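Undergrad: Just the structure for this:
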Amino acid sequence: MADSAPAQAQGTQAHGTQQSHAGRASSWLAVTVILLGFTIGGVALTIGPNWFLFWVGAGVVVVGGVLALVFDVFSDVIEDAPREADTQEKHPPFSSSSDHV
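TA: Next up is the predicted model:
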């Protein structure tokens, strides 16, 4: 397991496939179900409020949350290597040119 750390630090998984920030399809399914639930609940509040439809939306959010836990969506996070800071000197946009000398 220790030998896979250098490969993961370079952006590849231990089995040689390239990682991406896009996430897995199962994770997107869970996120889509959660967004659908919020949409149902939001529409229910604006058309009445229709409390039955609101609670249906809340239930869909809960189902999406359970799917997110089952699919382990937080394991899709990839940490990039540290980025170098820009070394150019920054000046305010409205300062006079004599200030830059």
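
Undergrad: Could you use CA atoms for every contact and neighbour count after this?
TA: Noted.

Undergrad: Pull out the buried positions in the helix or strand hosting Ser27.
TA: Following DSSP states H and E, one finds Ser27 within helix 25-46. Within helix 25-46, the residues scored as buried using 16 or more other CA atoms under 10 Å are 27, 30-31, 33-44.

Undergrad: before we move on, what about stretch 70-85?
TA: Neighbour counts over stretch 70-85 (16+ other CA under 10 Å) mark 71, 73 as buried.

Undergrad: Convert the C-alpha atoms of that stretch to CSV, please.
TA: Provided in CSV are the C-alpha atoms of stretch 70-85 (Å, rounded to 0.1, in the frame of the first residue of the first chain):
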residue,chain,number,x,y,z
VAL,A,70,-23.4,4.1,0.4
PHE,A,71,-21.5,5.3,-2.7
ASP,A,72,-18.9,7.0,-0.5
VAL,A,73,-19.0,10.3,-2.5
PHE,A,74,-16.3,11.9,-0.4
SER,A,75,-13.7,9.4,-1.6
ASP,A,76,-13.9,11.2,-5.0
VAL,A,77,-11.9,14.1,-3.7
ILE,A,78,-8.5,14.4,-5.2
GLU,A,79,-5.9,16.6,-3.6
ASP,A,80,-3.6,18.4,-6.0
ALA,A,81,0.0,19.2,-5.5
PRO,A,82,0.6,22.6,-4.0
ARG,A,83,0.6,25.4,-6.5
GLU,A,84,3.3,28.1,-6.7
ALA,A,85,2.2,31.6,-5.9
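
Undergrad: quick one: which two of the buried residues of helix 25-46 are the most distant?
TA: Ser27 and Ala44 (26.0 Å; CA to CA).
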